[in-house]
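A.B. asks: Here you go, sequence then predicted model.
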Amino acid sequence: MLRKEFLHTTSRIAAGGLLLPYLGCATKKTPADAADASAFRSNWAGNYVYRAEQVYEPGSVEELQQRMQEAGRKKALGSRHCFNDIADSPNVQLSTRALNKVIELDEVESLLTVGAGARYGDFSVDLYERGFAVHNLASLPHITVAGACATGTHGSGVTNGNLATSVLSFDLVKPDGSLVTLDRDHPDFPAVAVGLGAFGIVTQLTLELQPAFDVRQDIYLDLPVSALEEHFDDIMSSGYSVSLFTTYGGDTVSEVWIKRRTDREAPDLPADFYGARAATEEMHPIAGLDPVNTTGQLGVPGPWYDRLPHFRMGFTPSAGKELQAEYFVARTDAVAAMRALRALGDRIDPLLLISEVRTIRADEFWMSPAYRRDSVALHFTWKQEEPAVRALLPLIEAALASFAVRPHWGKLFTLESETLRQRYPRFDDFVALAQRYDPEGKFRNDYLDRTVY
């Protein structure tokens, strides 16, 4: 029986429920103010400028519902961390920045309800101090819960599903402005939870929690590629969350980040880890960058929120101005897929800042890149040379085609709907359901027309 009565014996995490200042879209209440938002009209990395005619920031769910009833196409705008046009609209963007409250913490049932505009880093410290944790985090905590779930965003760990797997229920404003709640018992839940913005605008989500835990993070340098290929599963299973950072030339993986829970895993790893050596100073994933903005390393235990991500709140994550792409293959195909990329190393490496390799447990969300297959995500952080990167992506996608590669929905890719339909068993069901929810296409945009419709 699903736990639906979770609003008893609750406590608010922050006074009044209001969280920290939000780095999202500028506050806009009327179209006349739109010119003042010019500094916020691009995504986080600055590679995409939104084309929406107007941007509004509803101060409440009721105001969002009223905006939804107005004419024109609508899209939700969150932390602006997508690298493509998924959050753009030909008419109106509705920022969720003001919907950033922690609504309820149910300490009896271990459930947290947050507004769609809440970022993981906004509430994690308070959550830890009250004795709770989310199961995993992405590489940076600056992203909104709703946006991360809608795009199938993930952390790493062979036993860890993507961030949407912790969602118990969510509220959704439909095209006519009506508000509905979907939970795991609802037949549409597996489609809408990773919904790509095709069904409506999420206003709040309830997450399952677990007891708080600490994590130690150890980094190893120069792992031989030959050892990785021979022991891939053992290496990726050596911690609660493991990431590889690499380029595709040379014969070593530059860094292995191993994050181990202190309540579950052995305290020490060998000094020699499959031929890699332990780092003796803190590292940044991108060679030459100051590790000041990375989370604690060198085996020093710390709270889950300050170890599971690679980057800390309050700092510019990663390199700042960059491009990102990410492709998912079955975990059983990981070694072969990485060999295929190494064959393109002379094309990839001149444009690459770093590539990250992570694992994700299979899930049941129809459009999740990890749908029904344990997966490995091959992530690329590119120099901000967009024409050259966009010209390279089709070559990467062709090299990975035999592995039924699936892209991250919020990052750069060139695969279109006909190809994607072959990669997702429930693709046509997703399209049909989205059309039932949104028969007039209020949430359609160029992105959905290109990749889904």
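C.D. replies: That came through fine. Numbers count the residues shown, from 1 in each chain.

A.B. asks: quick one, what contacts Gly46?
C.D. replies: When the contact criterion is Cβ atoms under 8 Å, 6 or more residues apart in numbering, the partners of Gly46 are Lys321, Gln384. C-beta: built from backbone N, CA, C; applies to glycine.

A.B. asks: Let me fix that, I meant to ask about Ile348.
C.D. replies: Applying Cβ under 8 Å, 6+ apart to Ile348 gives the contacts Thr247, Tyr248, Leu341, Ser355, Phe380, Leu392, Ile396.

A.B. asks: thought the fifth one was touching Ser355?
C.D. replies: Yes. Counting by Cβ atoms under 8 Å, Phe380 does reach Ser355; the two are 5.2 Å apart.

A.B. asks: that older thread, which one among the contacts of Ile348 gets closest to Pro301?
C.D. replies: Of all these, the one with the least separation from Pro301 (Cβ to Cβ) is Ser355, at 28.3 Å.

A.B. asks: Quick check: the gap between the nearest residue in space to Pro407 that is not next to it in sequence and Glu70.
C.D. replies: Excluding the flanking residues, the one nearest Pro407 by Cβ to Cβ, 6 or more residues apart in numbering is Phe413, at 3.7 Å. Going from Phe413 to Glu70 by Cβ to Cβ, to the nearest Å gives 32 Å.

A.B. asks: same deal with Pro187?
C.D. replies: Pro187 sits at a distance of 30 Å from Glu70 (criterion: Cβ to Cβ).

A.B. asks: Who has more neighbours out of the two?
C.D. replies: Applying other Cβ atoms under 10 Å to Pro187 and Glu70 shows that Glu70 carries more neighbours, namely 11 against 8.

A.B. asks: helix, strand or coil for that one?
C.D. replies: coil (DSSP: H, G, I helix; E, B strand; the rest coil).

A.B. asks: which residues touch the nearest residue to Val194 once chain neighbours are set aside?
C.D. replies: Nearest-residue entry for Val194: Phe365, 4.1 Å, with adjacent residues in sequence omitted and distances by Cβ to Cβ, 6+ apart. By Cβ under 8 Å, 6+ apart, Phe365 lies in contact with Gly152, Asn162, Ala164, Pro190, Ala191, Ala193, Val194, Tyr371.

A.B. asks: Same check on Pro394?
C.D. replies: By Cβ under 8 Å, 6+ apart, the contact list for Pro394 reads Thr414.

A.B. asks: ok, which stretches of the stretch 101-250 of the chain are helices?
C.D. replies: Here the stretch 101-250 of the chain has its helices, by DSSP state H, counting those that start in this stretch, at 120-129, 145-150, 189-192, 225-230, 232-236.

A.B. asks: So which of the ones you listed has the densest surroundings on average?
C.D. replies: Most buried of the helices of the stretch 101-250 of the chain, by mean neighbour count (mean count of other Cβ atoms under 10 Å): helix 145-150, with a mean of 28.

A.B. asks: Buried ones in stretch 49-58, by neighbour count?
C.D. replies: Buried residues in stretch 49-58, counting neighbours by 16 or more other Cβ atoms under 10 Å, are found at Tyr50, Ala52, Gln54, Val55, Tyr56, Glu57, Pro58.

A.B. asks: Same list, the residues you listed, but as JSON lines with distance to Phe403 please.
C.D. replies: Putting the buried residues of stretch 49-58 into JSON lines (distance: Cβ to Cβ, whole Å) gives the following:
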{"residue": "Tyr50", "distance to Phe403": "33"}
{"residue": "Ala52", "distance to Phe403": "36"}
{"residue": "Gln54", "distance to Phe403": "42"}
{"residue": "Val55", "distance to Phe403": "39"}
{"residue": "Tyr56", "distance to Phe403": "42"}
{"residue": "Glu57", "distance to Phe403": "42"}
{"residue": "Pro58", "distance to Phe403": "42"}
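
A.B. asks: From those, which land in strands?
C.D. replies: If you go by DSSP state E, the buried residues of stretch 49-58 have Gln54, Val55, Tyr56 in strands.

A.B. asks: Show me what the first one is bridged to.
C.D. replies: In this structure, Gln54 has beta-bridge partners Val92, where bridges are defined by DSSP bridges.

A.B. asks: tally of neighbours for Leu351?
C.D. replies: Leu351 has 16 neighbouring residues, counting by other Cβ under 10 Å.

A.B. asks: Point out where the stretch 101-250 of the chain drops to low pLDDT.
C.D. replies: For the stretch 101-250 of the chain, no stretch has pLDDT under 70.

A.B. asks: just the strands in it please.
C.D. replies: All strands of the stretch 101-250 of the chain, identified by DSSP state E, counting those that start in this stretch, fall at 102-106, 111-115, 132-133, 167-173, 179-183, 201-208, 210-211, 214-224, 241-246.

A.B. asks: what distance separates stretch 218-231 from the centre of its chain?
C.D. replies: The chain centre lies 26 Å from the centre of stretch 218-231; the measure is Cα atoms, centre = their mean, to the nearest Å.

A.B. asks: Now the terminal residues of it, how far apart.
C.D. replies: End-to-end distance for stretch 218-231, by Cα to Cα, to the nearest Å: 18 Å.

A.B. asks: ok, residues contacting that stretch?
C.D. replies: So stretch 218-231 is contacted by 235, 244, 250-258, 260, 269, 273-279, 282-283, 297-299, 335, 338-339, 342 (Cβ under 8 Å, 6+ apart).

A.B. asks: one more time with 7 Å, if that's ok
C.D. replies: Contacting residues not belonging to stretch 218-231 are listed as 235, 251-258, 269, 273-279, 283, 297, 299, 335 [Cβ atoms under 7 Å, 6 or more residues apart in numbering].
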